[in-house]
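Colleague: Provide a 3D model corresponding to the input given below.
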Amino acid sequence: MESRTPFLIGVATSGYQSEGGYNGPGQPHNNWAACEQSGRVDRTGRAVDFWNRYRSDFDLARGMGLNAFRLSIEWSRVQPSFSNAPGPAPDFDPAAVDAYADRVAACREAGMEPVLTLQHFTHPAWLGVDAWLDDRTPAAFQDFVQFAMARLNERLCNHHGQSPVKWYVTLNEPNMLVLNTYLNRHFPAGPEAGIPVGLRAYNRLLAAHVRAYNTIHDLHESRGWPKPMVSMNTFCSDVYWSENMLLDLLTLKQNGIKPGESADYFCSRAEALSRHFTSIALQRRTDLAAMAGAGLHRLANYFASRAATSEAFQFFFDEVDRSPREVALDYLGLDYYDPFVSHALRSPDFSDLEFKSSSISAHLLDVLACKWWDWHFLPEGMSAFCEYYSRAFPGMGVLIAENGMALRSRFDESGGEPRRDGLTRSNYLEAHLLEVRRMLDSGVPLLGYLHWSLTDNYEWGSFTPRFGLYRVDFQHDLKRMELDHLGDNPSWTYAKLVREFGLNSLKVKVPNLS
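Modeller: Now for the predicted structure:
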């Protein structure tokens, strides 16, 4: 059955990247604490102080005419430890959950629908740096979800007189978490690495999603609350084994595919994705670095297709076998940036390296790897992914859970040159919002569009990548500024486009809601 709901037009944020208050003395510690303290990455510090400035930030978003705001609840704040040492699970902090409930309520009071993320790349330090290689972590995540969502929603209902949360994202970009942790090693990790290790992590991440999905639905059903919409979001990738396969794994049961048939099924689905992108004309890069990147794409397909056997996912299949539900996704959450592996490399550039390399080979790779501000501008690719997935997973709506563009400007405001392609954020918004409007007009089942992000923030070790609709002046009390260092005013542009395209007054069909 289907219902209608307002089209979600808004922004996306995450707790660790924006709240502030992690990994310092007396503060909750997460899996990035040791990296911060060792100097391998920048310290988050206050980040952009969203924890204290949430009301004024909500006002900025609402002032653009937005009706949705994606924020996260940080596991490490709700079940905190205050050192880097792994250990037993500490007690939950009810006051932290109440504080999150108050922020969700304030979001609603500002006129925006909250989209709540339960794990945005980080986990508490007491779980150890390699938590997603541990068989016990899915159960620990389920305990967190049970405690936090029961108390948060009860406070929304009983203290604030509001309805429970409707839109949930269990896991943020598990494919990028695995890639950055166990393949390119940009995220904190232990000594283990490689594709087989990444598959182990996928098993436990997807098992955690299934547990969280069932926990949230059980909670809403037992309390008589309205049906929730629960999913996870993935980083769009033209490598089937990096993204599409995860969605296929979560829908095998409802599609009647047995575990022993999964390897052949994956191969057929990989071929379908490849045919789709071969058949459409997208203006991808064609330089020498892109040709080398195309070789990376072939290598990724070769090795991943041979590693992704039925046996490799036995831990996940056992979890699905225990699940009381056939369904594990209520909608598709897609993050669209630059999804093409052929764009992963660039001509050598030593001028914009952010992190200290652990070896000469790692340094050379960093010189050749594209940075956030190198990501290729290809707005029609967003439509290509949304259209394909809406056909590949019929009956599910699509939420663009993130989409954004980086500029480069350091914490001290130096290095603020334009992008190589000359693109401004206003240019980027105009092109991508036009694609959103075209998809809506052509019948693609879009549920919403959330731009990353409201403000500049902490981008996984560095403040240099600037994604904000509002620029943050890190040298002057984190002031939010309408004009970026190029003189562009993207918040004004976003507001204008939302108004002109009527995106905050639309109602769209929502499969699986009734």
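Colleague: from here on, just use CA atoms for contacts and neighbour counts.
Modeller: Noted.
Colleague: can you pull out the helices in the stretch 151-300 of the chain?
Modeller: 174-178, 195-223, 244-251, 262-279, 288-307 (DSSP state H, counting those that start in this stretch).
Colleague: of all those, which lies closest to residue 475?
Modeller: The closest of the helices of the stretch 151-300 of the chain to residue 475 is helix 174-178. By CA to CA, the value is 30.5 Å.
Colleague: in that closest one, which residues are buried?
Modeller: Buried residues in helix 174-178, counted by 16 or more other CA atoms under 10 Å: 174-178.
Colleague: name the helix or strand of this protein that has the lowest mean pLDDT.
Modeller: helix 360-368 (a mean of 74; mean pLDDT, DSSP states H and E).
Colleague: for the helix or strand following that one, output the C-alpha coordinates as PDB.
Modeller: Downstream of helix 360-368, the next assigned helix or strand under DSSP states H and E is helix 379-392. The C-alpha trace of helix 379-392 is given here as PDB (Å, rounded to 0.1, in the frame of the first residue of the first chain):
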ATOM      1  CA  PRO A 379      24.600  16.000 -11.900                       C
ATOM      2  CA  GLU A 380      22.900  13.800 -14.500                       C
ATOM      3  CA  GLY A 381      24.600  10.900 -12.800                       C
ATOM      4  CA  MET A 382      22.400  11.400  -9.800                       C
ATOM      5  CA  SER A 383      19.400  10.800 -11.900                       C
ATOM      6  CA  ALA A 384      21.000   7.800 -13.500                       C
ATOM      7  CA  PHE A 385      21.500   6.100 -10.100                       C
ATOM      8  CA  CYS A 386      18.000   7.100  -8.700                       C
ATOM      9  CA  GLU A 387      16.300   5.900 -11.900                       C
ATOM     10  CA  TYR A 388      18.200   2.600 -11.900                       C
ATOM     11  CA  TYR A 389      17.700   1.800  -8.300                       C
ATOM     12  CA  SER A 390      14.000   2.600  -8.500                       C
ATOM     13  CA  ARG A 391      13.700  -0.100 -11.100                       C
ATOM     14  CA  ALA A 392      16.100  -2.500  -9.500                       C
END
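Colleague: alpha carbons of the next helix or strand after helix 379-392, in CSV - could you do that?
Modeller: Toward the C-terminus, helix 379-392 is succeeded by strand 398-403 as the next helix or strand (DSSP H and E). Output of strand 398-403 as CSV, limited to C-alpha atoms (Å, rounded to 0.1, in the frame of the first residue of the first chain):
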residue,chain,number,x,y,z
VAL,A,398,14.3,6.9,-2.9
LEU,A,399,15.7,9.4,-0.4
ILE,A,400,18.7,11.4,-1.6
ALA,A,401,20.2,11.4,1.9
GLU,A,402,23.3,13.4,1.0
ASN,A,403,24.5,15.4,-2.0
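Colleague: who does strand 398-403 touch, helix- and strand-wise?
Modeller: Helices and strands touching strand 398-403, by 3 or more CA pairs under 8 Å, 6 or more residues apart in numbering; DSSP states H and E, are strand 8-12, strand 332-336, strand 446-452.
Colleague: go through those strands and pick out the most buried.
Modeller: strand 8-12 (a mean of 27; mean count of other CA atoms under 10 Å).
Colleague: got the angle between that strand and strand 398-403?
Modeller: Between the axes of strand 8-12 and strand 398-403, defined by axes from the mean of the first three to the mean of the last three CA atoms, to 10 degrees, the angle is 30 degrees.
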